[in-house]
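Participant: How does the following fold in three dimensions:
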Amino acid sequence: MSMKIEHIISTMYRTEYSFLNKMNIQTDGIVVNQTDKVENEECILDNGCIVKTFSVMERGLSRSRNRLLKEATGEICVVGDDDVEYLSGYLETIRNAYEKYPDADIIVFQFTHDKNRETRVRYKKNKRYHLWNISKVASVEITFRRKSIVEAGINFNNAIGLGTQFPSGEENAFLADALRAGLKIYHIPTTICYAVESYMKRDNLEIKNFLITKGAAYYCIYKRLFWLYALAFVILKKKKIFSEVSIWQAVQYMNKGKQEYRRKVDVS
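Facilitator: Numbering: from 1, shown residues only. Here you go, the predicted model:
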């Protein structure tokens, strides 16, 4: 019997779900729609796939994904956002990967910003992920065995991610928690979806907030190794991302993010 693959998709303020057809979903799924009412519906896509939708009033991407985890029933879950389009053959790619690596709890694939060429290649060969190489993984590249995640008691961190004070890094913290729980994460260098790329020119204030957010996420990911990875990040990325900020100032901003996160968690 073929393994059941299920999409889990986060969105906001949707009044209808025609966008699901544009995503080229080829299997059943679940949507959590963060909006101003509570409502459950079932959508039948043009291709016959069934998507259950849950409208909720709570906010935060991590909360959305944790609700998706709660509602999911598939053997393999595909993490998704509402702005991606899945490429032809993606289900076969996912299915073949889990058959090839039966010990895999999580498999990370790739996405592209250009349908006509590969634009996001980190590794050219299949390989294992470890703590030191998970920080660049994007959420729409992640698939996982639902049973492995549930049995390990892993959730997305509600204190980070879009909709919080620290609006990024929740998927990387999720992977770090999985590794600490002893789960196995593989990388397969095959593209499964297309996502529009957005560029943002950062001014000094945005750089400060970017580094504070990165600091909070790095603390969640690396814990006691925070300083090592924070310094490495600043040195490697300074010229490309924030050349106008000194290494010392950048590290201090990241440390501020760590401290603000710790205070927030301690208070809550």
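Participant: Could you pull out the buried residues of the host helix or strand of Cys77?
Facilitator: Assessed by DSSP states H and E, Cys77 sits inside strand 76-81. By neighbour count with 16 or more other CB atoms under 10 Å, strand 76-81 contains the buried residues Ile76, Cys77, Val78, Val79, Gly80, Asp81. Just so you know, the C-beta spots here come from the backbone N, C-alpha and C atoms, and that holds for glycine as well.
Participant: What segments of this protein are helices?
Facilitator: 19-22, 61-71, 90-100, 146-152, 170-180, 204-222, 226-241, 247-267 (DSSP state H).
Participant: elements contacting the first one?
Facilitator: So the one you mean is helix 19-22. Using 3 or more CB pairs under 8 Å, 6 or more residues apart in numbering; DSSP states H and E as the contact test, no helix or strand touches helix 19-22.
Participant: Just the C-alphas of that helix, formatted as CSV.
Facilitator: This file holds the C-alpha atoms of helix 19-22, laid out as CSV (Å, rounded to 0.1, in the frame of the first residue of the first chain):
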residue,chain,number,x,y,z
PHE,A,19,-5.3,29.5,-4.3
LEU,A,20,-5.0,25.8,-3.6
ASN,A,21,-5.6,24.9,-7.2
LYS,A,22,-2.7,27.3,-8.2
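Participant: avg pLDDT for it?
Facilitator: The average pLDDT within helix 19-22 is 94.
Participant: what does it rub up against?
Facilitator: With contact meaning CB atoms under 8 Å, 6 or more residues apart in numbering, helix 19-22 is reached by Ile9, Thr11, Gly29, Val31, Cys43, Leu45, Asp46, Asn47, Val51, Asp82, Glu85.
Participant: taking these one by one, which sit in strands?
Facilitator: Members of those lying in strands (criterion: DSSP state E): Ile9, Thr11, Gly29, Val31, Cys43, Val51, Glu85.
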